[in-house]
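# Everything below, folded, please.
(2 chains)
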Amino acid sequence: MALGSSMRPCGDFRTTYASDMTIFATPVTRYLVIAGIGLLLLVPLFGSPYMLNLLIQIGYYGIAALGLNLVVGFTGQISLGHSAFFGFGAFASAWLNNSLGVPVFFAIPLAGIMTMLVGLLAGIPAGRIKGLYLAIATLASQFIMEDFFARANWFTGGSSGAMAEYLTIFGYTFETDQSYFYVVLFYVVLMFTFTSNLIRSRDGRALVAVRDHYLSAEIMGINLTWYRVMSFGLSALYAGIGGALFGHYLGFVSVEGFTIILSIQFLAIIIIGGLGSIYGTLLGTIFMVLLPEVMEWSVHLFSDSMPDLIQSLAYIKEMAIGLAIILFLIFEPEGLAHRWKRIKTYWKLYPFSY
Amino acid sequence: MSGHTTLLKVEDISLAFGGVKALQGVSFSVEIGEIFSIIGPNGAGKTSMLNCISGRYQPQVGGIHFRDDEITKLKPNQRCHLGIGRTFQNLALFSHMSVLDNIMVGRHHLLKNNFLTGGLYWFTGARREELEHRRQVEEIIDFLEITHIRKAQAGTLSYGLRKRVELARAVALKPDLILLDEPMAGMNQEEKEDMARYIIDLNEEWGMTVVMIEHDMGVVMDLSHRVMVLDFGRRIATGQPDEIMANPLVKKAYLGEEDDALGDEEISTEGVA
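Purely as a prediction, here's the structure:
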């Protein structure tokens, strides 16, 4: 694309700065997204529980992955301990509800804030170290927290896990997939809007500045230590809320779920979706949640001709994730968001290339 | 040059990296409203000097005063509040951001919103603040004639344009003292002429005091009110451009002229200032 040209349609002139600083590039995009959310509101009316389950998964994993994208994609740091924050959020929300009697409605955001505090603590090394060393430091925090989950009986219930009550508002209990879907959708819209605003305002720009050129960022008055640590705190906030939603959905939080594998999967989501892209995070989550399902469908499709295939389903799912990561790193390292951008550009400029 | 009050005072700065003495006992002062150039051969310590003023390096000996404040030990990110901005010799833009966002980062220390109020954008005044500063940033964009690229990704621009965006970002800091590290390096004649005009306008219309490192002697001698010459970490001369041109020590530093009359002890003397 030429210098400074934008993807704005012909005749779409901006006459105020406000109209030039919107989240969405054009009003049409905005209406389409609002219409999309409107359509999603109708899904519980006719969607199957299976479909709703997938959408809810996309929701809570998407929120957590967005947090990881803030620290990895936007601030340019590495975190291998994201699933520990996800788990901490789930346990914290359950604990707030079970032990302190905080209603689940408040426990979810409070769990997010508690996780943020833990994230700020775990992010302190980021103030001083970078790259591989930071990767190892975050790996350490992952294992320390896993160990904490297993030992802190008062908090997590230890090896027996913790019960998480369903969300109740004014006597209405969100215990079905149909109703809980709305809760997750609310949080998804909230967190993604919050992030879009963050990125287009002061501190979001500062995070990206720290990623792109930290030395000149410092000259611009950006306190590197604070922003590096803060990005960890923020990412933990998202992970905590995602984890809390996860916990109250399943009704039970167990220690085993939050291992390094899940951390890697979060990383895979943002690599596949697009580092430093907000909607890419959502695309990546959709991809990662649907990939095992697609594998399952295709295995069942071929089960008549190759009946042995079903036995190896579990391996096929894992291998597919690995394969997807490798293929993306080779062919589309900038992720689905970038691919989508290129498709848009292609149609916009067709039949010309530039 | 009004009033002849000192804006920046550098006193007896010494900076060493292990055995390498980058700066040795350099002192100078910059008056309000001046264009002050630092020249010298490669490795003379010009950029080290600028890094001391902007806070990247902390000199082992000596002090730097900005207006009435001692700033020697301040962190780089604490200096823009006082009114010090700079550009870099090698491009230091945020290459994945748009030109507009790059310049908006320059407003960082003037903006008040944090991650929370920024995230709540419409309800906390973040939007109003962004709009106000966008207006002021647009003035800088207009002044530096980069309106056509304001939405372009900074990393995709040509060298000359990137230098200009970097200047815009430093101007956005609203500095009283702007440090320019080779603003014209690698530019063609036309781009140099443009840049020279911007520097003069910044100085005369925007009222900024300029400290500039530059290798193009034509530019230095035409723009500067005063020039300081560094060689091997020592100041060998300070003075008005024509005095510097005539200074035998400067000629020696640049041309390596054989001159037995100039002994070592003379090198550390005051020069022409």
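# so where's the stretch 1-150 of chain A uncertain?
Within the stretch 1-150 of chain A, the segments meeting pLDDT under 70 span A:1-7.
# now the strands: where do they sit in it?
Read by DSSP state E, counting those that start in this stretch, the stretch 1-150 of chain A holds no strands at all.
# next one: the stretch 1-150 of chain B
Assigned by DSSP E, counting those that start in this stretch, the stretch 1-150 of chain B shows strands spanning B:6-17, B:20-31, B:35-39, B:61-66, B:69-70, B:84-86.
# for these, which one ends up most surrounded?
Neighbour counts (mean count of other Cβ atoms under 10 Å in any protein chain shown) averaged over each of the strands of the stretch 1-150 of chain B peak at strand B:84-86, with a mean of 27. C-betas here are computed from N, CA, C, even on glycine.
# weakest of the strands of the stretch 1-150 of chain B by average pLDDT?
Least confident of these, judged by mean pLDDT, is strand B:69-70 with a mean of 90.
# chain center to that strand, what's the gap?
Mean-position distance between strand B:69-70 and its chain equals 19 Å (Cα atoms, centre = their mean, to the nearest Å).
# does chain A sit close to it?
No: if you take Cβ under 8 Å from any Cβ of the partner chain as the test, strand B:69-70 misses chain A, and the best it gets is 15.7 Å.
# Flag every residue of the stretch 251-354 of chain A that's near chain B.
Counting by Cβ under 8 Å from any Cβ, the stretch 251-354 of chain A comes close to chain B at A:Gly276.
# tally of neighbours for the residue in the stretch 251-354 of chain A that chain B sits nearest to?
In the stretch 251-354 of chain A, the residue that lies nearest chain B is A:Gly276 (7.1 Å; Cβ to the nearest Cβ). Other residues within reach of A:Gly276, judged by other Cβ atoms under 10 Å in any protein chain shown, total 23.
# repeat for the one 5 residues further on
For A:Thr281, the number of neighbouring residues by other Cβ under 10 Å comes to 34.
# so where does it fall, helix or strand?
Assigned by DSSP states H and E, A:Thr281 belongs to helix A:278-301.
# So which other helices or strands are in contact with that helix?
Judged by 3 or more Cβ pairs under 8 Å, 6 or more residues apart in numbering or on different chains; DSSP states H and E, helix A:278-301 is in contact with helix A:49-69, helix A:177-199, helix A:260-273, helix A:313-331, helix A:335-349.
# contacts for the last one?
With Cβ atoms under 8 Å, 6 or more residues apart in numbering or on different chains as the test, helix A:335-349 has contacts from A:1, A:7, A:270-275, A:277, A:279-280, A:283-284, A:287, A:328, A:332.
# so what's the residue of the stretch 251-354 of chain A closest to chain B closest to, chain neighbours aside?
Once flanking residues are discounted, A:Gly276 sits nearest to A:Gly73: 3.8 Å by Cβ to Cβ, 6 or more residues apart in numbering or on different chains.
# Just the element for the residue of the stretch 251-354 of chain A closest to chain B, please.
With DSSP H and E as the test, A:Gly276 turns up in no helix or strand.
# one step back: and of the helices and strands packed on helix A:278-301, who's closest to A:Leu167?
For A:Leu167, the closest of those is helix A:177-199, at 5.9 Å, according to Cβ to Cβ.
# so what secondary structure elements neighbour the closest one?
With contacts taken as 3+ Cβ pairs under 8 Å, 6+ apart, helix A:177-199 sits against helix A:27-46, helix A:49-69, strand A:172-174, helix A:202-212, helix A:224-250, helix A:278-301, helix B:115-119.
# Which residues belonging to that helix are considered buried?
Neighbour-count burial for helix A:177-199 flags A:177, A:180-181, A:183-185, A:187-188, A:191-199 (criterion: 16 or more other Cβ atoms under 10 Å in any protein chain shown).
# A:Val118: what's it in contact with?
A:Val118 makes contact with A:85, A:88, A:145, A:236 under the criterion Cβ under 8 Å, 6+ apart.
# if you set the cut-off to 7 Å instead, what comes out?
For A:Val118, the contacting residues are A:85, A:88, A:236, by Cβ atoms under 7 Å, 6 or more residues apart in numbering or on different chains.
# If anything else comes up later, I'll come back, but that's it for now.
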